[in-house]
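K.L.:
predicted model and sequence follow; I will ask about them next.
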Amino acid sequence: QVQLVESGGGLVQAGGSLKLSCAVSGTIISIDTMGWYRQAPGKPRALVAGITRSGHTNYVDSVKGRFTISRDNAKNTLYLQMNSLKPEDTAVYSCNADVLAYEPSRGLNTRDVRWGQGTQVTVSS
């Protein structure tokens with residue numbers, strides 16, 4: 001069973017920083033693209049940043065220069081360093097990962113995009 005578990009969210013004042021982590025566990029063979037998404041109240045979930053296995057990154061314009069996405073392939077962990085936070089960054093942040101894993105119950109390798117449960121980030125003005 002592949003699981004993604006986020007941590008690092010919380011309450012911070014505007015201008016502050018937070019670092020989110022997303023640990024992927026299970027019978028993992030490889031992880032391709034990973035990403036961070038966020039969903040603010042009343043809005044659809046949207047991509048914040050993505051990173052390929054080789055380290056190529058992309059960001060939504062509103063976070064460029066403030067957020068940095070990174071990953072540790074040896075630890076199957078994704079990170080999001082968030083600096084100069086603004087109230088409009090307030091949202092539930094979720095990670096996702098394109099995971100190739102072995103399913104012992106089925107005796108098969110399967111590839112799926114998996115999601116974490118999300119972590120709340122609240123930025124006060």
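P.N.:
Right, received. Where do you want to start?
K.L.:
how far away is the residue of the chain most remote from its centre from residue 88?
P.N.:
If you look at how far each residue of the chain sits from its centre, by Cα atoms, centre = their mean, the farthest one is residue 107, at 28.7 Å. Residue 107 sits 47 Å away from residue 88, going by Cβ to Cβ, to the nearest Å. The C-beta positions use only the backbone N, C-alpha and C, and glycine is treated the same way.
K.L.:
likewise residue 18?
P.N.:
The span separating residue 18 from residue 88 equals 15 Å under the rule Cβ to Cβ.
K.L.:
quick one: low-confidence parts of the chain?
P.N.:
Scanning the chain with the threshold set as pLDDT under 70 gives no residue ranges.
K.L.:
where exactly do the strands run in it?
P.N.:
Here the chain has its strands, by DSSP state E, at 3-7, 10-13, 18-25, 28-39, 46-51, 57-59, 67-72, 77-82, 91-103, 108-115, 119-124.
K.L.:
now the ones you listed in JSON lines, with mean neighbour count?
P.N.:
Written out in JSON lines, the entries for the strands of the chain read as follows (neighbours: other Cβ atoms under 10 Å):
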{"stretch": "strand 3-7", "mean neighbour count": "16"}
{"stretch": "strand 10-13", "mean neighbour count": "13"}
{"stretch": "strand 18-25", "mean neighbour count": "19"}
{"stretch": "strand 28-39", "mean neighbour count": "18"}
{"stretch": "strand 46-51", "mean neighbour count": "18"}
{"stretch": "strand 57-59", "mean neighbour count": "15"}
{"stretch": "strand 67-72", "mean neighbour count": "18"}
{"stretch": "strand 77-82", "mean neighbour count": "22"}
{"stretch": "strand 91-103", "mean neighbour count": "20"}
{"stretch": "strand 108-115", "mean neighbour count": "12"}
{"stretch": "strand 119-124", "mean neighbour count": "17"}
